[in-house]
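Peer 1: heads up, no residue letters with this:
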């Protein structure tokens, strides 16, 4: 046992020595070079020859220069290589963080509800002028998978044809159909939401006449609860 412990200790010491002896990445001496109108080409030549200027540095520097000069030519001039790299790295990090936050919210939405599209009913109703008009009534089930009462859920139902082309997009705002009702925790509620049918609209006609061959995709964007809390993708944009 003592021999085993001694071997482990020696192995750990060896790892520490090897790690300590590893050469650190040197920072390029060109990081403080200032960008001017006349030195950009020569600066890139020097950076290409500098082995301490890493691939990642090139990526941030090139993308940063492109972004800055697109915004405003003068915003690039007078900045050092290091400033441009730092600005671009922060920009890309913020962009990635925003994307991650948005995706996390969408995952949370999915985990807190279930949506099942049932179908649609072509219906005639009387308008304010006492004339009959066609509408499409979409029917769907919403299941509250959270532990709180739900008062609203919003999103869109997209309908695709067999060529994977969007034929029609219907916005869903469940509170309009729920009125003052709620969807309790673990409850499934069937909702019917009416939409106008325009006989002169080709997409409306395709939806009504070829509905059985269309594929529906539900995309949720917001859930509101009775306690005032909500899950909303617009808060992460």
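Peer 2: Ah, there it is. All of these numbers come straight from a predicted model, not from anything done at the bench.
Peer 1: Return the residues in contact with the closest residue in space to residue 113 that isn't next to it in sequence.
Peer 2: Nearest residue to residue 113, sequence neighbours excluded (C-beta to C-beta, 6 or more residues apart in numbering): residue 145, at 5.5 Å. C-beta: built from backbone N, CA, C; applies to glycine. By C-beta atoms under 8 Å, 6 or more residues apart in numbering, the contact list for residue 145 reads 111, 112, 113, 114, 186.
Peer 1: Helices of this protein, residue ranges please.
Peer 2: 2-21, 40-49, 55-71, 81-111, 174-178, 202-209 (DSSP state H).
Peer 1: Any chance of the ones you listed in JSON lines with mean neighbour count and mean pLDDT as columns?
Peer 2: Compiled in JSON lines, the helices of the chain are given as follows (neighbours: other C-beta atoms under 10 Å; pLDDT from 0 to 100):
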{"stretch": "helix 2-21", "mean neighbour count": "9", "mean pLDDT": "48"}
{"stretch": "helix 40-49", "mean neighbour count": "13", "mean pLDDT": "92"}
{"stretch": "helix 55-71", "mean neighbour count": "15", "mean pLDDT": "93"}
{"stretch": "helix 81-111", "mean neighbour count": "14", "mean pLDDT": "94"}
{"stretch": "helix 174-178", "mean neighbour count": "17", "mean pLDDT": "91"}
{"stretch": "helix 202-209", "mean neighbour count": "14", "mean pLDDT": "88"}
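Peer 1: want to try CSV for these, with distance to residue 225 as columns?
Peer 2: Converted to CSV, the helices of the chain look like this (distance: least, C-beta to C-beta, whole Å):
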stretch, distance to residue 225
helix 2-21, 51
helix 40-49, 54
helix 55-71, 40
helix 81-111, 12
helix 174-178, 12
helix 202-209, 32
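Peer 1: mind checking which of those helices is nearest residue 118?
Peer 2: Taking C-beta to C-beta, helix 174-178 is the member of the helices of the chain nearest to residue 118, at 13.3 Å.
Peer 1: neighbouring contacts of the closest one?
Peer 2: 142, 151, 152, 153, 154, 189, 191, 192, 193, 224.
Peer 1: Return the member of those residues nearest to residue 136.
Peer 2: For the contacts of helix 174-178, the nearest to residue 136 is residue 193 (9.3 Å; C-beta to C-beta).
Peer 1: State the number of residues packed around that closest one.
Peer 2: Counted by other C-beta atoms under 10 Å, the residues lying close to residue 193 total 18.
Peer 1: same question, the one 4 residues further on
Peer 2: By the measure other C-beta under 10 Å, the count of residues near residue 197 is 18.
Peer 1: who touches it in this structure?
Peer 2: 122, 133, 134, 135, 136, 204, 208.
Peer 1: And the contacts of helix 174-178, which is closest to residue 36?
Peer 2: residue 154 (51.9 Å).
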